[in-house]
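**Q** My questions concern the predicted model and sequence given below.
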Amino acid sequence: MSSFLHLPVIHARPEGPTDALDPVATEEPLEILVNGRNLAITMRTPGHDEELAAGFLFTEGLIRSGSGIRSITGVGNRVSFELTDPSEAIFNRQDRRFAMTSACGVCGKASIDSIFASDCALLPTGTFVVEAEILHDLPALLRKAQTVFDQTGGLHAAALFDADGNLGLIREDVGRHNAVDKVIGAVVLERDSARLPLHNRLLLVSGRASFELVQKAAMAGIPVLAAVGAPSTLAVETAQRFGMTLVGFLRHDRFNIYSRGERIRTLGAPLRSTLPPPGNPLHVTLK
């Protein structure tokens, strides 16, 4: 299955309409099965489906590592897992509705309660610091690596960077949460040099920072989440709760810090400002 298809369109231009074929990002359902039973259905862009499913299982707390997976079979729009120690609790949690769209992931109160009630540890401090000047360069590096976006203009991206701004892994999808699950799933399946927890990596996303993206980053132990778009209030609250550095509106000359600015260093010193409550973030502009 292709990540995009060429579809007939009409180009409306000042010089007049013309018929053409344009690449359009693919969106199709993916069914995730565990030990023969349906667990979830998500709308996604085909490609790296096993990583997407593994990342979903991990970030939802259903597995703790790749060693919990006995086998994976992916055929068409279905990925089937055999787990080494499956729990009936996975299927008996009626408060969860594992039906996802490409827009919001698993939304709602149950998802919020799950992450706050999980054993997700507070993120360590003093182990990861990134220079502000390096942060400024990351959106351009992400955009340059978005090969399918170049074709369609319709995909989100998520990427892992080290503290020196080196790109380690990137995935694209119509869903922001899917792109993040693919990145984390690749690490779960040990297809990247990084290992969980990802205390020495920064996660950059091409869109806004929503609650579920902070949730997934926290579950993977990622200390810094940066987004080119805006965060939500719940994303800020969740980042503050787990000690994550949350950066929004990242540009080549500015960004906003919403939580734990001490992991960002500028002019040789970390930003140790005391942040106000959610809804009134610290704004940092560097020119």
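**A** Arrived safely, thanks for sending. Residues are numbered from 1 along each chain as shown.

**Q** C-alpha only now, for contacts and for neighbours.
**A** Noted.

**Q** Which residue, neighbours along the chain excluded, lies closest to residue 182?
**A** residue 52 (4.1 Å; C-alpha to C-alpha, 6 or more residues apart in numbering).

**Q** give the contact list for the one you found.
**A** Residues touching residue 52, when contacts are defined by C-alpha atoms under 8 Å, 6 or more residues apart in numbering, comprise 178-179, 181-183, 185-186.

**Q** now residue 219
**A** Here residue 219 is in contact with 58-59, 61, 120 (C-alpha under 8 Å, 6+ apart).

**Q** And the pLDDT at it?
**A** For residue 219, the model assigns a pLDDT of 92.

**Q** Return the distance of it relative to residue 128.
**A** Residue 219 sits at a distance of 17 Å from residue 128 (criterion: C-alpha to C-alpha, to the nearest Å).

**Q** Quick check: buried residues in stretch 159-177?
**A** Within stretch 159-177, the residues that count as buried by 16 or more other C-alpha atoms under 10 Å are 159-162, 165, 167, 169-177.

**Q** Any idea how far apart the tips of it sit?
**A** With C-alpha to C-alpha, one end of stretch 159-177 sits 12 Å from the other.

**Q** so how far is it off the chain centroid?
**A** Computed by C-alpha atoms, centre = their mean, to the nearest Å, the chain-centroid distance of stretch 159-177 equals 8 Å.

**Q** same check, this time on stretch 62-81
**A** When C-alpha coordinates are averaged (C-alpha atoms, centre = their mean), stretch 62-81 and its chain have centres 19 Å apart.

**Q** what's the nearest residue to the residue nearest the centre of the chain if we skip its chain neighbours?
**A** In the chain, the C-alpha nearest the mean C-alpha coordinate belongs to residue 180, at 2.4 Å (C-alpha atoms, centre = their mean). Closest residue to residue 180 apart from its sequence neighbours, by C-alpha to C-alpha, 6+ apart: residue 158 at 5.5 Å.

**Q** Helix, strand or coil: sort out the residue nearest to residue 182 for me.
**A** helix (DSSP: H, G, I helix; E, B strand; the rest coil).

**Q** re earlier: going through the contacts of residue 219, which ones are buried?
**A** Buried positions within those, assessed by neighbour count (16+ other C-alpha under 10 Å), are 58-59, 61.

**Q** can you list those residues in CSV and add secondary structure and pLDDT?
**A** Putting the buried ones among the contacts of residue 219 into CSV (DSSP: H, G, I helix; E, B strand; the rest coil; pLDDT from 0 to 100) gives the following:
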residue, secondary structure, pLDDT
58, helix, 92
59, helix, 89
61, coil, 84
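
**Q** and which of those residues is nearest to residue 202?
**A** Here the nearest of the buried ones among the contacts of residue 219 to residue 202, counting by C-alpha to C-alpha, is residue 59; it sits at 16.4 Å.

**Q** mind checking which helix or strand the closest residue to the closest one other than its chain neighbours is in?
**A** The spatially closest residue to residue 59, leaving aside those adjacent along the chain, is residue 216, at 5.1 Å (C-alpha to C-alpha, 6+ apart). For residue 216, the enclosing helix or strand under DSSP states H and E is helix 211-219.

**Q** Skip ahead from that helix and say which helix or strand is next.
**A** Later in the chain than helix 211-219, the nearest helix or strand by DSSP H and E is strand 224-227.

**Q** Domains in the chain, by residue range?
**A** Following the assignment in automatic domain parsing, the chain carries domains at 28-116, 130-285.

**Q** With respect to residue 7, which of the ones you listed lies nearest?
**A** The minimum distance between residue 7 and those falls on domain 130-285, with 11.0 Å, by C-alpha to C-alpha.

**Q** what about the closest one, distance to the chain center?
**A** When distances are taken as C-alpha atoms, centre = their mean, domain 130-285 is centred 8 Å away from the chain's centroid.

**Q** quick one: low-confidence ranges for the stretch 151-287 of the chain?
**A** Within the stretch 151-287 of the chain, the segments meeting pLDDT under 70 span 151-154, 191-194, 267-268, 272-287.

**Q** which stretches of it form helices?
**A** Under the criterion DSSP state H, counting those that start in this stretch, helices of the stretch 151-287 of the chain are mapped to 176-188, 211-219, 233-242.

**Q** what's the angle between the last one and helix 211-219?
**A** Translated: helix 233-242. Using axes from the mean of the first three to the mean of the last three C-alpha atoms, to 10 degrees, one finds that helix 233-242 and helix 211-219 are set 20 degrees apart in direction.
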